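K.L.:
fold the following and give me the result.
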Amino acid sequence: CAVNVVGILHSFWEQKQTAQCNDSSSESDRFCGKPGSHADGLLLYESAPPPGPPYVCYVTLPGGSCFGNYKCDTQAEARRDAARVALMNSLVNELPCQRITVEFITHSLNQAATENAVPVEDSCDSSTSIGTYSLLLQSYMGRTMLEFQEMMTVFQLLHWNGTLKALREKQCSRQSQSVITYYSQRGLDESMRSSMALDWLGREQKSPGLLAMELQMAQRELVLARRRGIELRFYKEKTEILSLALSQAYVHHT
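P.N.:
Numbers count the residues shown, from 1 in each chain. Down below sits the predicted model:
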């Protein structure tokens, strides 16, 4: 008989949640009542339009990580496939090699410095982008890659939206640690999404047609990322924020 991958994924996270909540030495608030943790339903499944093929399904894990399907024969198959991708990533995340270590941080900073053509020494300066990245990595020492990615999504969106640049221009970068702490604890909520959508609405008013173009690009990125089987939350949040801004632009126009 076919493996009930949806049930296995649910059991995996149910057991993990129980272990986290029972372990007083762990940061159990990640799964015990933290906003956005989907504690009631544990896993959040979303079927994306259109109603006919190709069928698309997303599953969001308790910490906020999101995965999607790459097969799309039926809605049921799309759901099972999304669960399969999420389960594989969840299991891999438990491996010791998926922990943030000193070696991983050194490698990541060297790679980031090379890709952005900046001196790796800048990682010691919290006023630089790579310095902020270094602080983010160090704050997640010993934790898993998936946990780190969940937090990184928030900062990727803040960077994409221009919020980090605005903070830097206001010389808030001197307080990078407090900014990191604030957004790490706050997470991604409806208030932040609405604020970003308003920012994009303002850009649309200055450059009509910008939102439609940005949304089309974001949707393409989401499709490609989903087919690669990687974590999707950054791409999915972008499309939702831009879609919200576009709907507001339409209401404003009418």
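
K.L.:
which residues of the chain fall in strands?
P.N.:
Counting by DSSP state E, residue ranges of the strands within the chain are 44-48, 56-60, 66-68.

K.L.:
which of those is buried the deepest?
P.N.:
strand 66-68 (a mean of 26; mean count of other C-beta atoms under 10 Å). Quick note: C-beta positions are derived from backbone N, CA and C, even for glycine.

K.L.:
counting contacts, what elements does that strand pack onto?
P.N.:
The contact analysis (3 or more C-beta pairs under 8 Å, 6 or more residues apart in numbering; DSSP states H and E) places strand 66-68 against strand 56-60, helix 75-92.

K.L.:
minimum distance to Arg220: which of the ones you listed has it?
P.N.:
Proximity to Arg220 (C-beta to C-beta) singles out strand 56-60 among those, at 13.7 Å.

K.L.:
ok, and what's touching the closest one?
P.N.:
If you take C-beta atoms under 8 Å, 6 or more residues apart in numbering as the criterion, strand 56-60 is touched by 9, 38, 43-48, 66-69, 72, 75, 78-79, 81-83, 86, 226, 232-233, 236.

K.L.:
could you check how far Leu43 is from Ser108?
P.N.:
29 Å (C-beta to C-beta, to the nearest Å).

K.L.:
check Arg228 too.
P.N.:
Between Arg228 and Ser108 the distance is 20 Å, computed by C-beta to C-beta.

K.L.:
between those two, who's got more neighbours?
P.N.:
Ser108 (18 against 12; other C-beta atoms under 10 Å).

K.L.:
so what's Gln205 up against?
P.N.:
Counting by C-beta under 8 Å, 6+ apart, Gln205 touches Ala249.

K.L.:
what's the answer for Leu42, then?
P.N.:
With contact set as C-beta under 8 Å, 6+ apart, Leu42 has these partners: 10, 13-14, 17, 62.
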